[in-house]
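1. have a look at this prediction, sequence included:
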Amino acid sequence: MINLSYDRQHIWHPYSCIPPKQTPLPVRETDGHYIVLEDGRRLIDGMSSWWCAIHGYNHPRLVLAAARQLKKMPHIMFGGLTHEPAIDLAEKLITLTPAPLKKVFFADSGSVSVDVALKIALQYWMARRQPQKQRFLTVRHGYHGDTFGAMSITDPENGMHSLFSGVLPQHLFAPAPLMGFNLKIDEPGEDIQSLASLLEQHADEIAAIIIEPIVQGAGGMRFYRPTYLRQLRALADDFNVLLIFDEIATGFGRTGKLFATEWAGISPDIMTVGKALTGGMTTLAATLTTEEVAFILCSNPPGVLMHGPTFMANPTACAIANESISLLLESPWQENIAQIEAALNQGLTPLQKHPSIADVRVLGAIGVVELKDEGLTAPIQEAAVRHGIWLRPFGRLVYTMPAFNIKIETLGQLIEGMVGAIQDVTENFPVKQL
């Protein structure tokens, strides 16, 4: 038996207290697209374990890749040593990401890879003898992780880190891109003009612009137009600042392209990847840069990138990532995601007419229902479990991002359960107008 009492009294869970307000559900095992609870209930996983389990759970190829590597060499320090899984993975990432990205730094989590990206940008300008360029420009509703560097570029008002605003470095925040992936703005819109104004005022002190391309994740599950990214690339070049794309949540197919930057047909100077990199089997992330950034960074003292995690390029994680990428590329992933998108649109769009719903939006394998009242998310999560599915709503958002290889029947059950949970709860609460 899982000792829930001990868990409640001694263990922190994400964004919780001890004891937590909601007791976590005890999980016995995972099986394909299901989470199996200790009492035997099977929940369809609608979250892919926070975006990462894109092949479902316990995929035999990933399990075998892990077992082989564990038997051969589970871990070895990366300082002064190297190994085949890391080299193979670097080659895969360089081949798959936009062409200018040629250098790879392996990190042990997404947040750390963002911190590394920021350090790369700062060291780049130090090497260029412009040390005053030490601030970052980003947009509202962004989220980049929970380490201190990542927190400093996460929206200080709408994000989750306002508590620490007094001790974090003060960076620059432009208005968020206007909502709408298919929004037609060929000329610069008000959103990009506001960002351009900040560049005009502060370019001499800005090291880089950092943004989540196309989809802003935990800051609001907001989708925006590819044109914005093309305009952003042009502004970064005009004002001589670096451009960083945080693809941790969007990378490896989630939006319908292998990387979200492909929707805009451009490339950043620095890019982070993580989450789905290992298919949800273990933690691993990477930061990629261009030849020019890496060369200049190392051209002046200290002549090295000042970062080196203990578990950097863990061989087991790299071996799993290699197999996960191969598994993805060998699958009809684009067809699968198009099928998921169509099903989400068909199943969720009718909720637009519901008086408690503010918006419904779908892109790739992401389906979002935005409520008018954020007080409903906790009861909706409980209702989802009763409907046999696992969701993790936050704020006013109830969303799903299933595994890419989910069966169409299972996907239908997931969508039906999501709609049912929302309807069950909203019928029992008065409607709040926005």
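-> Sure, I can see it.
2. could you pull up the residues touching Gly79?
-> Gly79 makes contacts with Gly308, as judged by C-beta atoms under 8 Å, 6 or more residues apart in numbering. All C-beta spots, glycine's among them, are computed from the backbone N, C-alpha and C.
3. quick check: phi and psi at it.
-> Here is the backbone geometry of Gly79 (degrees, to the nearest 10): phi -70, psi 110.
4. what's the answer for Ile408, then?
-> The phi/psi pair for Ile408 (degrees, to the nearest 10) reads phi -60, psi -30.
5. distance of it from Ile44?
-> Note on Ile408: its distance to Ile44, by C-beta to C-beta, to the nearest Å, is 13 Å.
6. among the two, which residue is more densely surrounded?
-> Ile44 (25 against 11; other C-beta atoms under 10 Å).
7. for the host helix or strand of the more buried one, buried residues please.
-> For Ile44, the host element (DSSP states H and E) is strand 42-45. By neighbour count, with 16 or more other C-beta atoms under 10 Å as the criterion, the buried positions of strand 42-45 are 43-45.
8. neighbouring contacts of it?
-> Strand 42-45 is contacted from outside by 30-31, 33-37, 53, 56-57, 385, 388-390, 402-403, 410, 413-414, 417, using C-beta under 8 Å, 6+ apart.
9. ok, and the closest non-adjacent residue to the residue nearest the centre of the chain?
-> The chain has Ala249 as the residue nearest its centroid, 1.9 Å off, counting by C-alpha atoms, centre = their mean. Setting aside the residues directly before and after it, Ala249 is nearest to Gly217 in space (C-beta to C-beta, 6 or more residues apart in numbering), at 4.3 Å.
10. counting neighbours, what do you get for the one you found?
-> Residues near Gly217, counting by other C-beta under 10 Å, number 23.
11. can you get me the start-to-end distance on stretch 22-33?
-> End-to-end distance for stretch 22-33: 24 Å, by C-alpha to C-alpha, to the nearest Å.
12. how about the strands in the stretch 51-200 of the chain?
-> Assigned by DSSP state E, counting those that start in this stretch, the strands in the stretch 51-200 of the chain fall at 101-107, 135-139, 172-174.
13. which of those strands is buried the deepest?
-> Comparing those by mean neighbour count (mean count of other C-beta atoms under 10 Å), strand 135-139 ranks first with a mean of 24.
14. from the chain's centre, how far out is that one? Work that out for me.
-> The chain centre lies 18 Å from the centre of strand 135-139; the measure is C-alpha atoms, centre = their mean, to the nearest Å.
15. list the contacts of it.
-> Under the contact criterion C-beta under 8 Å, 6+ apart, strand 135-139 has outside partners 118, 121, 144, 152-153, 169-177, 195, 198-199, 202, 205-211, 216, 241.
16. quick one: buried ones out of those residues?
-> Counted by 16+ other C-beta under 10 Å, the contacts of strand 135-139 give 118, 121, 144, 152-153, 171-174, 176-177, 195, 198-199, 202, 206-211, 216, 241 as buried.
17. out of these, which are inside helices?
-> Among those, the members falling in helices (DSSP state H) are 118, 121, 152, 195, 198-199, 202.
18. nearest to Glu291, of those?
-> Proximity of those to Glu291 (C-beta to C-beta) peaks at Ala121, which lies at 15.6 Å.
19. return the residues in contact with that closest one.
-> 136, 207-208, 242, 244, 270.
20. quick one: which of the residues you listed is nearest to Ile357?
-> Nearest to Ile357 among these is Ile244, at 34.3 Å by C-beta to C-beta.
21. quick one, phi/psi of that closest one?
-> Dihedral angles phi and psi of Ile244 (degrees, to the nearest 10) take the values phi -110, psi 130.
22. out of the contacts of Ala121, who's nearest Leu64?
-> Closest to Leu64, out of all of the contacts of Ala121 and judged by C-beta to C-beta, is Ile270, at 33.7 Å.
23. run a quick neighbour tally on the closest one.
-> When neighbours are counted by other C-beta under 10 Å, Ile270 comes out with 28.
24. dihedrals phi and psi, Leu397?
-> Torsion angles, degrees, to the nearest 10, at Leu397: phi -110, psi 130.
25. does it touch Gly220 like I think?
-> Yes - contact criterion C-beta atoms under 8 Å: Leu397 and Gly220 qualify, at 7.2 Å.
26. of these two, who's got more company?
-> Taking other C-beta under 10 Å, Leu397 and Gly220 do not tie; Gly220 has more neighbours (23 against 19).
27. ok, for that one, nearest residue in space, not its chain neighbours?
-> His141 (4.5 Å).
28. possible to save the ones in helices among the buried ones among the contacts of strand 135-139 as TSV with pLDDT?
-> Listed next are these as TSV, based on pLDDT from 0 to 100:
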residue	pLDDT
Leu118	98
Ala121	98
Ser152	95
Leu195	98
Leu198	98
Leu199	98
His202	98
